[in-house]
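1. The amino acid sequence is not available; the structure is as follows:
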């Protein structure tokens, strides 16, 4: 196998093809009938192919001349003279005609690249640096053997900008279709209604992502969401919620063993999240819907979350009977004054374990949380090593209605008291 790196492509398609042809000609004939040629584009492996030397140099020249500049090959192709495309599984959106100038609508060509991946059972869709204008994109693979990866060039380098009132990307669909093993990484989503819409998405993974630009909701989850993993995700300046999960999608309960359309969130891990500047609702909202009966969310683990400059509730949990664990939460600033009705953490029906966290207050008296942690008689809460308070007065740092335990906590600045306990069962 002779490796032929292209390096950075700055001279146009003709220079790129010239390098490619030169690499093939430089293969040494050592008697191996199936020489392996692995090549790279901008440092990313884009395919492994086999080259069988034709009998003469003239035949070799004729074979390579038949490969047109800008031609795209998918699947397995055999060229006269012996060059065989083995399906490298990495597709560049610019090979499908994406421009990435922030003006040209790239929706159709990006979707063409995704459809090509689905046709072969999965692979990588590569987004080079650029601002790609697109809306209404979908990923739906009910039996993805390999999974689908959308990979940008860094969240400060690759942006997908949506159209107002339209969702940028939907992962999964209703009823018997869904999306399994989808990964999106290293890019920014800007604008749109829901920047990322997860609908019956199983084993979804999002890493090093930024959601911004005034969308209604950064990440919107509906239907069945299981085994979801987020790491190093920032969401800012949404008009409703930063992230809202557990919503009904309007589908019916399907028959058979596949349980889809059931609106709940289970077995999920969120790590290193930052949600800021939300103006119309809770920064993070997790619930479960009704499909015949009330469903339950839970087995959710949040480790490292910062909430800053949000105008209303920080974390709003309901119907989370299987439990939510929050560790290393930092939050401050409920900026919608003077209503004083919002909480840093609120739980309705469900179970919450919160530890190793700091809940701060804004220094301006008109802007502050009413409660640091607000519970109800239908919730079970365990609190360990949580510091609350600040310079602004609050009605109470904790409104505790059904507390299993409070340990090693520092409660500072309560206007009435640091701790307000109501309706605690006698057994506790």
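-> Looks like it arrived, so ask away. Because the structure is a prediction, the values reported are computed rather than measured. Residues are numbered from 1 along each chain as shown.
2. Could you check which helix or strand contains residue 108?
-> Assessed by DSSP states H and E, residue 108 sits inside helix 107-119.
3. Please identify the buried residues of that helix?
-> Residues 107, 109-114, 116-117 are the ones in helix 107-119 that count as buried (16 or more other CB atoms under 10 Å). Quick note: C-beta positions are derived from backbone N, CA and C, even for glycine.
4. And for it, what's in contact with it?
-> 74-75, 89, 91-93, 95-98, 123-125, 132-141, 144, 148 (CB atoms under 8 Å, 6 or more residues apart in numbering).
5. could you give the mean pLDDT of that helix?
-> Averaged across helix 107-119, pLDDT comes to 92.
6. Who are the contact partners of residue 278?
-> Here residue 278 is in contact with 235, 237-242, 310-312 (criterion: CB under 8 Å, 6+ apart).
7. quick one on the thing from earlier: report the buried members of the contacts of helix 107-119.
-> Listed as buried from these are 74, 89, 91-93, 95-96, 98, 123-125, 132-135, 137-141, 144, 148; burial here means 16+ other CB under 10 Å.
8. For residue 93, give me phi and psi.
-> Note on residue 93: its backbone torsions stand at phi -60, psi -30 [degrees, to the nearest 10].
9. and it, how far is that from residue 134?
-> Distance of residue 93 to residue 134, computed by CB to CB, to the nearest Å: 9 Å.
10. Overlap of the contact sets of these two?
-> With CB under 8 Å, 6+ apart, residue 93 and residue 134 have common neighbours 106, 110.
11. doesn't residue 128 make contact with residue 158?
-> Yes. Taking CB atoms under 8 Å as the definition, residue 158 is a contact partner of residue 128 at 7.2 Å.
12. now the helices for the stretch 51-200 of the chain?
-> 57-65, 107-119 (DSSP state H, counting those that start in this stretch).
13. For residue 318, which non-adjacent residue is spatially closest?
-> Excluding the flanking residues, the one nearest residue 318 by CB to CB, 6 or more residues apart in numbering is residue 348, at 3.7 Å.
14. residues contacting that neighbour?
-> The contact partners of residue 348, taken as CB under 8 Å, 6+ apart, are 317-319, 376, 378-379.
15. ok so, going back, for the buried residues of helix 107-119, give me JSON lines that also has distance to residue 293.
-> Below are the buried residues of helix 107-119 laid out as JSON lines (distance: CB to CB, whole Å):
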{"residue": "107", "distance to residue 293": "39"}
{"residue": "109", "distance to residue 293": "44"}
{"residue": "110", "distance to residue 293": "39"}
{"residue": "111", "distance to residue 293": "37"}
{"residue": "112", "distance to residue 293": "42"}
{"residue": "113", "distance to residue 293": "41"}
{"residue": "114", "distance to residue 293": "36"}
{"residue": "116", "distance to residue 293": "41"}
{"residue": "117", "distance to residue 293": "37"}
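16. about what we covered before: sort out which of the contacts of residue 278 are buried, if you could.
-> 235, 237-238, 240-242, 310-312.
17. possible to save those residues as a markdown table with pLDDT?
-> Listed next are the buried ones among the contacts of residue 278 as a markdown table, based on pLDDT from 0 to 100:
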| residue | pLDDT |
| --- | --- |
| 235 | 97 |
| 237 | 91 |
| 238 | 92 |
| 240 | 92 |
| 241 | 94 |
| 242 | 95 |
| 310 | 87 |
| 311 | 84 |
| 312 | 86 |
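18. Would you mind measuring from residue 172 to residue 203?
-> Residue 172 sits 11 Å away from residue 203, going by CB to CB.
19. Compare the two and say which is more crowded by neighbours.
-> More crowded of residue 172 and residue 203, by other CB atoms under 10 Å: residue 172, with 28 against 16.
20. What's the local residue count around residue 232?
-> Neighbour count of residue 232, defined by other CB under 10 Å: 17.
21. what's the helix or strand hosting it packed up against?
-> Assigned by DSSP H and E, residue 232 falls within strand 229-236. Judged by 3 or more CB pairs under 8 Å, 6 or more residues apart in numbering; DSSP states H and E, the packing partners of strand 229-236 are strand 205-212, strand 217-226, strand 241-247, strand 264-276.
22. helices and strands around the shortest one, which ones?
-> If you count contacts as 3+ CB pairs under 8 Å, 6+ apart, strand 241-247 packs onto strand 217-226, strand 229-236, strand 264-276, strand 284-286.
23. Distance to residue 178 added to those, as TSV?
-> Converted to TSV, the helices and strands packed on strand 241-247 look like this (distance: least, CB to CB, whole Å):
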stretch	distance to residue 178
strand 217-226	7
strand 229-236	17
strand 264-276	14
strand 284-286	20
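24. so how far is residue 118 from residue 300?
-> Separation of residue 300 from residue 118 (CB to CB): 29 Å.
25. what does residue 237 give?
-> Relative to residue 118, and taking CB to CB, residue 237 is found at 33 Å.
26. okay if I get the contacts of residue 278 as a markdown table plus distance to residue 324?
-> What follows is the contacts of residue 278, written out as a markdown table (distance: CB to CB, whole Å):
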| residue | distance to residue 324 |
| --- | --- |
| 235 | 18 |
| 237 | 25 |
| 238 | 21 |
| 239 | 25 |
| 240 | 21 |
| 241 | 16 |
| 242 | 16 |
| 310 | 18 |
| 311 | 23 |
| 312 | 19 |
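27. beta partners for residue 198?
-> Taking DSSP bridges as the rule, residue 198 bridges to residue 171, residue 221.
28. Oh, that last question was meant for residue 90, not what I typed.
-> Those that pair with residue 90 in a beta bridge, by DSSP bridges, are residue 124.
29. didn't it look like it was pressed against residue 122?
-> No. Judged on CB under 8 Å, residue 90 makes no contact with residue 122 at a distance of 11.2 Å.
30. circling back to that earlier point, tell me the buried residues within the contacts of residue 348.
-> Those of the contacts of residue 348 that meet the buried threshold are 317-319, 376, 379, by 16+ other CB under 10 Å.
31. min pLDDT across these, which one?
-> Within the buried ones among the contacts of residue 348, lowest confidence goes to residue 376 (82).
32. Mind checking which of the contacts of helix 107-119 are in strands?
-> Within these, residues falling in strands by DSSP state E are 91-92, 123-125, 132-133, 137-139, 148.
33. angle of the helix holding residue 108 against strand 122-126?
-> 150 degrees (axes from the mean of the first three to the mean of the last three CA atoms, to 10 degrees).
34. Report pLDDT for the residue nearest to residue 246 when sequence neighbours are not counted.
-> Spatial nearest neighbour of residue 246, excluding adjacent residues (CB to CB, 6+ apart): residue 287 at 4.2 Å. pLDDT for residue 287: 97.
35. could I get the buried ones among the contacts of residue 278 as CSV with distance to residue 326?
-> As requested, the buried ones among the contacts of residue 278 are arranged in CSV below (distance: CB to CB, whole Å):
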residue, distance to residue 326
235, 17
237, 23
238, 21
240, 21
241, 17
242, 15
310, 16
311, 21
312, 18
